[in-house]
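S.K.: predicted structure and sequence below. I'll ask about it afterward.
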Amino acid sequence: MPRSNPKLILVHEPEKACFDRLVADGHAPDRAAEISSYLAQSTDLAPDFDSLAVACDKRGLAFVPVELDAAANALAGADPNVTLVWTLTDGIAYFRGGAAPALARLNGLRTIGADDSLFALCQDKFRCGAVLGALGLPAPQAGLARRGEWLVEPPPSPAGWFVKPNRLGAKIGIWPDSRVSDLGHVLELSRRVFSHYRDDVVVQPYVAGSNVRASFLGLKPETGVEALGIFFVDSGGDFQTMADSMALYGETGQAAKDAGTYAEPELEPVGSSQPAADRKIRAIAQKLISGLGLRDVFSVDFRVEADDTVHLIEFEVCPGLPCFDFRDYCRRQWGLSLADAMAETAANRLFG
């Protein structure tokens, strides 16, 4: 049997497919729209598919975008010798992208990114925090509440607490009152989150500082933490809410661009003003690579204080590739557009 042509399969879960499934499962349409908006990178990357096809073709491979619901059949028929699978979306609860790397492994296919166990872990913030703590990393301790009841009480915190859904996306807040000064209001928020999203809440001591995003793309297999792009992300607020997120990405973000009201947060290199914090973040990333198994493509969110204290908030195995910050990272670190950076990464894995 002749060998198939080399190809990169990009598995993605569309917002609409997720929205329809959530509504069918009984979620209110407004809530389903909010939840599915976390898949906006599938919407935002679609206009790049033609550029990705050209960039891949220049490097001797085909580009094949596959919607998640078609992934089982597409991956079952792929040639393991010449196929690489890149999963764009994760998820074990509202989103189901975590199934794609598992399907790739089932079919003996090589993948870009972490293995499927981390796709599951990163979407459960409470369990993830426990693992990060066991690795000795500076992640805030957490409590866990469900529908107004404590499952695990949070540690004391003179600065108050921060409340976020346990399994919903990767944002660090939903509403402006996600920073809380009394535990009674925490339980009220847990009731609100359960009512809106059917989720528990993680309750962490509030940590001060500026928001920092560290982005990584291993363009070559031997790429290390020297290639991290570490930037302050200043959106003008203390933390990002659901409304802030929806204003940046997907259909809402595009509408803002069309109306001339779209404004990206400012990005400033951490190393320019706080080199000690930059070094700490690279050391943490190395521990995540060696101790946890992050590889190929990921992002990590931090809070960095003025005295260079670094707090690890969470990591992503499926960073927002078409987002402004990752495109900026590809230009600064690799001198490439997003499409060329993705195609070069895939070619190096298949032919390197």
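M.R.: Structure received. Numbers count the residues shown, from 1 in each chain.

S.K.: what is the burial count for residue 87?
M.R.: A count of neighbours around residue 87, defined by other Cβ atoms under 10 Å, yields 30. Every C-beta, even on glycine, is put in place using the N, C-alpha and C of the backbone.

S.K.: correct me if wrong: it contacts residue 95.
M.R.: No - counting by Cβ atoms under 8 Å, residue 87 stays clear of residue 95, with 11.1 Å between them.

S.K.: need the residues touching each of these two.
M.R.: Common contact partners of residue 87 and residue 95 (Cβ atoms under 8 Å, 6 or more residues apart in numbering): none.

S.K.: for residue 83, give me its contacts.
M.R.: By Cβ under 8 Å, 6+ apart, the contact list for residue 83 reads 4, 6, 7, 9, 109, 110.

S.K.: please repeat the previous calculation with a cut-off of 7 Å.
M.R.: By Cβ atoms under 7 Å, 6 or more residues apart in numbering, residue 83 lies in contact with 7, 9, 109.

S.K.: contact partners of the strand or helix carrying the second one?
M.R.: So that's residue 9. Assigned by DSSP states H and E, residue 9 belongs to strand 7-12. Strand 7-12 has contacts (Cβ under 7 Å, 6+ apart) with 42, 56, 61-68, 71, 74, 78, 82-89, 100, 346.

S.K.: neighbouring strands - and their directions - for it?
M.R.: Here strand 7-12 is paired, per DSSP bridges, with strand 62-67 (parallel), strand 83-87 (parallel).

S.K.: pull out the buried residues from the longest one.
M.R.: Going back to what we said before, that points to strand 62-67. Within strand 62-67, the residues that qualify as buried are 63, 64, 65, 66, counting by 16 or more other Cβ atoms under 10 Å.

S.K.: mean confidence (pLDDT) on it, please.
M.R.: Here strand 62-67 scores 98 as its mean pLDDT.

S.K.: tell me how far it lies from the chain's centre.
M.R.: 20 Å (Cα atoms, centre = their mean, to the nearest Å).

S.K.: what residues sit buried inside the following helix or strand past that strand?
M.R.: Using DSSP H and E, the helix or strand that follows strand 62-67 towards the C-terminus is helix 71-76. By neighbour count with 16+ other Cβ under 10 Å, helix 71-76 contains the buried residues 71, 74, 75.

S.K.: for these, which one is nearest residue 221?
M.R.: Nearest to residue 221 among those: residue 75, at 22.2 Å, using Cβ to Cβ.

S.K.: isn't that closest one right next to residue 105, touching?
M.R.: No - counting by Cβ atoms under 7 Å, residue 75 stays clear of residue 105, with 9.8 Å between them.

S.K.: just give me the neighbour total for residue 224.
M.R.: Neighbour tally, residue 224, other Cβ under 10 Å: 13.

S.K.: could you report the pLDDT at it?
M.R.: For residue 224, pLDDT reads 97.

S.K.: swap in residue 20?
M.R.: For residue 20, the model assigns a pLDDT of 97.

S.K.: run a quick neighbour tally on it.
M.R.: Residues lying near residue 20 (other Cβ under 10 Å) number 13.

S.K.: kindly report the same for residue 79.
M.R.: Neighbourhood size, residue 79 [other Cβ under 10 Å]: 16.

S.K.: skipping adjacent residues, who's closest to it in space?
M.R.: For residue 79, ignoring the flanking residues on the chain, the nearest one in space by Cβ to Cβ, 6 or more residues apart in numbering is residue 4 at 4.0 Å.

S.K.: from residue 158, how far out is that neighbour?
M.R.: 61 Å (Cβ to Cβ, to the nearest Å).

S.K.: neighbour count for the two, which is higher?
M.R.: Per other Cβ under 10 Å, whichever of residue 4 and residue 158 has more neighbours is residue 4, with 14 against 7.

S.K.: thought that one was touching residue 64?
M.R.: No - with contact defined as Cβ under 7 Å, residue 4 does not reach residue 64; the gap is 11.1 Å.

S.K.: skipping adjacent residues, who's closest to residue 276 in space?
M.R.: Ranked by Cβ to Cβ, 6+ apart and with sequence neighbours excluded, the top spatial neighbour of residue 276 is residue 308, at 4.4 Å.

S.K.: and the one you found, how far from residue 208?
M.R.: Look at residue 308 and residue 208: by Cβ to Cβ, they are 13 Å apart.

S.K.: so for these two, which sits in the more crowded spot?
M.R.: Each of residue 308 and residue 208 has its neighbours counted (other Cβ under 10 Å); residue 308 has more, 15 against 12.

S.K.: now the phi/psi pair for the more buried one, please.
M.R.: phi 80, psi 10 (degrees, to the nearest 10).
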